[in-house]
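Asker: build me a model:
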Amino acid sequence: MDSTALISDFHFATAANRGLLEAGKAKVIRLGVPELVLREVVHKWRQRVADLMEKAESLEAEAKRIGLASLAVALPSIDDTVAAFEKSLREKLEKASAAVYAIPTVSHETLVNKAIQRRSPFAEKGTGYRDALIWESVKEILRTSDEAVTFVTANKSDFGSSDLGIPQGLLDELTNDGIGNDRLTILATPADAAAATLEHAQSLLDQFEQKLVSDNAFRDQLVQELVEQADLALSHVERFRYSSDHKARFISADMMYEIGYFQPTRSWLISQGRIGIEFEAEADVDVEYDVDGGFPHHFDPQQDHWEDASLERYGSTTVTASLSGQLEFDASSDGVSAPSMSIWALSDPAPR
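Answerer: Numbering: from 1, shown residues only. This next block holds a predicted model:
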């Protein structure tokens, strides 16, 4: 989000901005604001407060001039007011899991060359240093993520818009930097962003969940993806709890899984018609294991040492694996893929 999206609504009071914050909190979207934008917004707030204080002082003087009693306007400390506003602003963003992007470390030479050549977002007069830094933040987000990015800014002259398109110079820069220009959308207002991202992403998630219930072939495809990724994740498991004192060494898992629980926890728009979904799931897995030796079992006070009562127990059992991971859903082809998964818990097997 650019400063134009926040200066028009300092306190996220509009329905669109409240919706974006709630969506960020629910992890439906990833919100992000450059540090430079936050500083500019705070500076604009300070200017507004200073203007209001000046007007209040002027009204007080005018009241006295015409013989009215004092208006008794209590003016707060501008520094305290601004500090409280900045603290509130950052807390709102933090609660919405919003990222605050550090000021880019782009070289002065790069920016000077852009300014001299009047390359976007520098204007014909050479102005645009702040906009150039914000553009570098946008590029860094695109460079470090494969998700679709929506940049909310009313600065159409420098960054373009959905109706005007993105300036060709910016598109060429993305291509030349090896980033690609097909994942970036420029929208003018938070209301536009809410309509374009939230509604579309939610619609795709609803479509995914409906197919999961009603389309057996689709569910089978998803389960197969989960099984393949669970196999891969389980191959890295070495030990799990056997009892309060011992760990079991994982030998192998029977590749027959029963997916008993699946719950999307977050979704985000990757591109038109395609979303990413984070999920949690549980699967019953048949495993073979042993509890190998080396565990002290009993302390003999007469001998003043631990007896070596090493355990060597082999067995097989069914454990519940708690899974977490990400998948992608392409609504245009009804395709689903699970590019990553992790095992974050295995239930305890009963000792035998």
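
Asker: give me the helices and strands touching the top helix by length along the chain, please.
Answerer: In the chain, taking DSSP state H as the definition, the longest helix is helix 35-65. Packing partners of helix 35-65 (3 or more Cβ pairs under 8 Å, 6 or more residues apart in numbering; DSSP states H and E): helix 3-7, helix 78-95, strand 99-101, helix 129-143. (Each C-beta comes from the backbone N, C-alpha and C, glycine too.)

Asker: let me have the ones you listed in CSV, extended by distance to residue 41.
Answerer: Putting those into CSV (distance: least, Cβ to Cβ, whole Å) gives the following:
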stretch, distance to residue 41
helix 3-7, 5
helix 78-95, 7
strand 99-101, 12
helix 129-143, 12
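
Asker: out of those, which one sits most buried?
Answerer: Of all the helices and strands packed on helix 35-65, helix 3-7 has the most neighbours on average by mean count of other Cβ atoms under 10 Å, namely a mean of 21.

Asker: for residue 45, which of the helices and strands packed on helix 35-65 is the nearest?
Answerer: Across the helices and strands packed on helix 35-65, residue 45 has its closest neighbour in helix 78-95 (5.3 Å, Cβ to Cβ).

Asker: what angle do that closest one and helix 35-65 make?
Answerer: Note on geometry: by axes from the mean of the first three to the mean of the last three Cα atoms, to 10 degrees, helix 78-95 and helix 35-65 are set 140 degrees apart in direction.

Asker: which secondary structure elements does helix 78-95 contact?
Answerer: helix 15-25, helix 35-65.

Asker: next one: the longest one to chain centre, how far?
Answerer: Centroid separation for helix 35-65 versus its chain: 35 Å, with Cα atoms, centre = their mean, to the nearest Å.

Asker: buried set for that helix?
Answerer: Judged by neighbour count using 16 or more other Cβ atoms under 10 Å, the buried positions of helix 35-65 are 36, 37, 38, 40, 41, 42, 45, 46, 49, 60.

Asker: can you check the first one too?
Answerer: Neighbour counts using 16+ other Cβ under 10 Å place 16, 17, 18, 19, 20, 21, 23, 24 of helix 15-25 among the buried residues.

Asker: same question for stretch 168-177.
Answerer: Buried-residue list, stretch 168-177, by 16+ other Cβ under 10 Å: 170, 171, 173, 174.

Asker: next step: those restricted to strands.
Answerer: If you go by DSSP state E, those have nothing in strands.

Asker: assumed residue 279 was part of a strand.
Answerer: Yes - per DSSP: H, G, I helix; E, B strand; the rest coil, residue 279 lies within a strand segment.

Asker: quick one: it and residue 326 touch, right?
Answerer: Yes - using Cβ atoms under 8 Å, residue 279 is in contact with residue 326, at 7.4 Å.

Asker: coming back round to it: so which of the helices and strands packed on helix 35-65 gets nearest residue 198?
Answerer: Judging those by Cβ to Cβ, what sits closest to residue 198 is helix 3-7, at 14.9 Å.

Asker: run through who's touching that closest one.
Answerer: The contact list for helix 3-7 (Cβ atoms under 8 Å, 6 or more residues apart in numbering) reads 17, 33, 37, 40-41, 44, 152-155, 189-190, 193.
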